[in-house]
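**Q** What follows is a predicted structure for the sequence shown.
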Amino acid sequence: MYLYDEQDQQLVEQRVAQFRGQMQRHLAGKLAEDDFRPLRLQNGLYVQRHAPMLRVAIPYGMVSSRQLRVLARIAREYDRGYGHFTTRQNVQFNWPRLEDAPEILAQLAQVQMHAIQTSGNCIRNVTTDALAGVAPDETVDPRPYCELLRQWSTLNPEFAYLPRKFKIAVSGAAGDRAATAFHDIGARALRNEAGEIGFCILVGGGMGRTPMVGQVVRDFLPRAELFNYCEAILRVYNQYGRRDNKYKARIKILLKELGLEQFRREVEAEWQHLRGGPGTIAPEAFARIEARFSQPVYDAAEATFSDPVQPDEPAFRQWLTQNVQAHRMPGYAIVTLSLKAPDSPPGDLTADQMDGVAKLAERYSQGEVRASHEQNLVLADVPRRRLYELWQEAAALKLATANAGLLTDMICCPGGDFCSLANARSLPVAEAIVQRFANADELRDIGPLRLNVSGCVNACGHHHVGHIGILGVDKNGEERFQVSLGGHDGSGKGKNTLGRIVGPSFAATEMPRVIAQLTDTYRRQRQVGETFIDTCHRTGIEPFRQDLYGDTP
Amino acid sequence: MSEHLLYSNGQLGENDWQLLTDEATDKTDAPAPDTKLILPFPRWQALGRPQYGVWLDNHENVDQLRDALSAIPLIALRFPVFTDGRAYSQARLLRQRLGYRGELRAIGDVQRDQIAYMARCGFDSFLLRADQEAEECQAALREMKMPARYQT
């Protein structure tokens, strides 16, 4: 992972000191709430339903054992003993005290972590593929570019007060595990025919109340122009993005209002002024960034061992099938630690589990952990011969639920239990569904299925791209849940699609039955080899709708 | 409280430029050329007198000043509220694209916690919001040292 140099370190320390001063002035009544709010948001600090919420960045998902132990300490000392991992590779603490935030940030800075720009109308934490650097289908490791973008966007003076938040994701593999089509900018790293690295640039994707799939603005951008092109996009957006209505302020609305062609002309015209200029990244700058990444050390001898065989442990074999993926290095595996255990809210990790994972990472995976878009953790460099030991230890931590990619591996926002924006409580619904699908055989028979739950239209639970999406709505003061089908974020095969609403909403208590009905329809309709989303795309929503609501359209 | 004038080098100054915000003032009656006035862009344009200062609202295109830039002694860009960041891009364009060398002043909702960003975009003077403390704002200009490689 990237290791700070002195300048990087000095910057996060100065940022802490700056925020400490801002907090002091605020608490002393010298900085009014309206003037303070954007400052605290750009330091990750929200004021939520019960308490402040602090969102800590895990830049492009990489976290070391040492950092994880500090997160655990913070969870214990300043929170209620746990943290929540989000879809954008951040970790949130839901119960800190407002006045403790600067001290928490100071402790984070000691291990090269921060909460800079994890909220607010600015460029947010850059995200990427949790399997970066180890996935067999990767062409370009996206992480050096993520780090370059992290530096470029950090305290970028021109883009600190944008019309609305701005999210960038970078991927570099055939499978898009970073949801690049659902970000303000999606940069897909690739090589052209000459072998040069560049990016396919998508703009205007997003979830929220107006979900849109990002559109390709440029097929191939030479990597040296990455900052210049992003600057051109952001400058067009900063000047022309709507500021009169926060629901129409994202860049996707600007792109829609201008149309793709006009938007592209504006961006390209701006870029022509910047191209080759001072923002161009020099070849040695790439080398310098890459050199500051610690590299995993692989042992060729690992390839000579065979996988552990545990005939008496069907649970281990299920986990091996479900949570262990192929690695680009022979003899190594990529392991998903599921944060979707039956009795725990999706994405939550206790302080003890954090310490436990830190130890697992040191023992089995080079001291590094990744946070995934699906709100799980990934150990990316595990020798295959040690998988059984790892499984035993992970199971003791309740982190070996063999459900990666299955129905109970839900993406779910914190919902109305915590968030002041939510219309509905998403967590109890998720919990009821997990209880309904407690049978592992049934789960595996249903197969790969992305079930995403959002407590309101802001779509933090990515319901638009769930194969099944659940959206909490408020109907005359009653919590109801709307079901959509056929969404897809592009992580597997197939194109990016937004889900379609199946029909009228349901009460929370009906949801386990509804989901069971949808999976029954799939199992009746599926052809050989078809996953849930395949069947959904082939048949459309009609058979599902009929089974759910009866024949009346 | 009166508004302080702060320069990006940390010095406080006397504000001897008069900001004309009232666009209703008589458009035909030209003020004496040696008075230090910052005119609203439409009036400045109507007078065709680049030796005056001019201020732009944040939706006005800085390109409109292009031909007169070398003669304009002062351009002010307005922040109607500090959360509206359009003037940062205007400042960048004036400095980097159009090569403006005169004084670039931030006016409007100009507060301590944004002036470092403003300075880095090319503003060199700040007409601070009336409640802002001068010493605090001077400190704000010194509190962060950005690595040169982060942004140009």
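**A** Yep, that arrived. Being a predicted model, the structure only gives us computed values, none of them experimental.
**Q** Look up the pLDDT of residue 143 for me, please.
**A** In the absence of a named chain, this looks at chain A. A:R143 is assigned a pLDDT of 98 by the prediction.
**Q** looking at chain B here, not the other one
**A** 94.
**Q** so what's it closest to, chain neighbours aside?
**A** Leaving aside its sequence neighbours, B:E143 sits nearest to A:Q18 (C-beta to C-beta, 6 or more residues apart in numbering or on different chains; 5.3 Å). Any C-beta I mention is one placed from the backbone N, CA and C, and that applies to glycine too.
**Q** And A:G81, by the same measure?
**A** The spatially closest residue to A:G81, leaving aside those adjacent along the chain, is A:A351, at 4.9 Å (C-beta to C-beta, 6+ apart).
**Q** and the gap between the one you found and B:N58?
**A** According to C-beta to C-beta, to the nearest Å, A:A351 and B:N58 sit 46 Å apart.
**Q** One more: A:A371?
**A** To B:N58, A:A371 is 38 Å away according to C-beta to C-beta.
**Q** neighbour count winner among these two?
**A** Using other C-beta atoms under 10 Å in any protein chain shown, the more surrounded residue of A:A371 and B:N58 is A:A371, with 26 against 18.
**Q** if I pick the more buried one, what's in contact with it?
**A** Shown in contact with A:A371 (C-beta atoms under 8 Å, 6 or more residues apart in numbering or on different chains): A:58, A:61, A:63, A:85, A:89-91, A:130, A:377-378.
**Q** Identify the farthest-apart pair in these.
**A** Across those, the longest distance by C-beta to C-beta is 15.4 Å; it joins A:N90 and A:V378.
**Q** hey, where'd the helices end up in chain B?
**A** Along chain B, counting by DSSP state H, helices occupy B:41-47, B:86-92, B:115-120, B:134-140.
**Q** oh sorry, the question was meant for the stretch 401-550 of chain A
**A** Along the stretch 401-550 of chain A, counting by DSSP state H, counting those that start in this stretch, helices occupy A:426-436, A:440-446, A:511-525, A:532-539, A:542-549.
**Q** Tell me which of those lies nearest to chain B.
**A** helix A:426-436 (29.8 Å; C-beta to the nearest C-beta).
**Q** May I have that closest one as PDB, with CA atoms only?
**A** The C-alpha coordinates for helix A:426-436 follow below in PDB (Å, rounded to 0.1, in the frame of the first residue of the first chain):
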ATOM      1  CA  SER A 426     -33.500  -0.700   6.400                       C
ATOM      2  CA  LEU A 427     -31.500  -2.700   9.000                       C
ATOM      3  CA  PRO A 428     -34.500  -4.600  10.500                       C
ATOM      4  CA  VAL A 429     -35.700  -5.500   7.000                       C
ATOM      5  CA  ALA A 430     -32.300  -6.800   6.100                       C
ATOM      6  CA  GLU A 431     -32.200  -8.800   9.400                       C
ATOM      7  CA  ALA A 432     -35.600 -10.400   8.800                       C
ATOM      8  CA  ILE A 433     -34.600 -11.400   5.300                       C
ATOM      9  CA  VAL A 434     -31.400 -13.000   6.600                       C
ATOM     10  CA  GLN A 435     -33.400 -15.000   9.100                       C
ATOM     11  CA  ARG A 436     -35.700 -16.200   6.300                       C
END
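**Q** That one - what's its average pLDDT?
**A** 94.
**Q** so where does A:I334 fall, helix or strand?
**A** If you go by DSSP states H and E, A:I334 is part of strand A:332-337.
**Q** From the chain's centre, how far out is that strand? Work that out for me.
**A** 18 Å (C-alpha atoms, centre = their mean, to the nearest Å).
**Q** For the residue nearest to A:G81, give me its contacts.
**A** Applying C-beta under 8 Å, 6+ apart to A:A351 gives the contacts A:72-73, A:75-76, A:81-83.
**Q** Let me know the pLDDT of it.
**A** pLDDT at A:A351 comes out at 98.
**Q** same deal with A:G461?
**A** What the model reports as pLDDT for A:G461 is 92.
**Q** quick one: contacts for it?
**A** Shown in contact with A:G461 (C-beta under 8 Å, 6+ apart): A:87, A:411-413, A:415, A:426, A:452-455, A:470.
**Q** close to chain A, is stretch B:113-130?
**A** Yes: Stretch B:113-130 is in contact with chain A by C-beta under 8 Å from any C-beta of the partner chain, via B:113-114, B:116-118, B:120-121.
**Q** Average pLDDT for that stretch, rounded please.
**A** Across stretch B:113-130, pLDDT averages out at 98.
**Q** Could you check how far that stretch is from the centre of its chain?
**A** Computed by C-alpha atoms, centre = their mean, the separation of stretch B:113-130 from the middle of its chain amounts to 8 Å.
**Q** Repeat that for stretch B:91-100.
**A** 13 Å.
**Q** Other residues contacting it?
**A** Contacts of stretch B:91-100 (C-beta under 8 Å, 6+ apart): A:158, A:235, A:273, B:62-63, B:65-66, B:69, B:72, B:75, B:77, B:104, B:118, B:121-123.
**Q** Help me confirm that A:Y4 comes into contact with A:M113.
**A** No: at 9.8 Å, A:Y4 does not count as touching A:M113 under the criterion of C-beta atoms under 8 Å.
**Q** Find the residues that touch each one of the two.
**A** A:V12.
**Q** The two - which one has more neighbours?
**A** Neighbours were tallied for A:Y4 and for A:M113 using other C-beta under 10 Å; the higher tally belongs to A:M113 (23 against 15).
**Q** beta partners for the most centrally placed residue in chain B?
**A** For chain B, the residue sitting closest to the mean C-alpha position, by C-alpha atoms, centre = their mean, is B:R105 at 2.1 Å. Beta-bridge partners for B:R105, by DSSP bridges, are B:A76, B:S125.
**Q** what does the domain assignment say about chain A?
**A** The record's domain split for chain A, according to automatic domain parsing, is A:6-109, A:127-289, A:300-396, A:411-549.
**Q** of those domains, which approaches B:D84 most closely?
**A** Here domain A:127-289 is closest among those (C-beta to C-beta), at 6.1 Å.
**Q** any residue of the closest one up close to chain B?
**A** Yes: judged by C-beta under 8 Å from any C-beta, domain A:127-289 and chain B are in contact via A:151-152, A:154-162, A:227, A:235, A:238-239, A:243, A:273, A:277-279, A:285.
**Q** So which of these are in strands?
**A** Judged by DSSP state E, strands contain none of the residues of domain A:127-289 next to chain B.
**Q** Show the buried residues in those residues.
**A** Among the residues of domain A:127-289 next to chain B, those classed as buried by 16 or more other C-beta atoms under 10 Å in any protein chain shown are A:151-152, A:154-162, A:227, A:235, A:238-239, A:243, A:279.
**Q** quick one: pLDDT of the closest residue to chain A within chain B?
**A** Nearest residue of chain B to chain A, counting by C-beta to the nearest C-beta: B:G85, 2.9 Å away. At B:G85, the model reports a pLDDT of 98.
**Q** now do A:Q48
**A** 75.
**Q** returning to what we had before: restrict the contacts of A:A351 to the buried ones and give me that as a PyMOL selection.
**A** Buried members of the contacts of A:A351, defined by 16+ other C-beta under 10 Å, are picked up in PyMOL with:
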select buried, chain A and resi 72+75+76+82+83
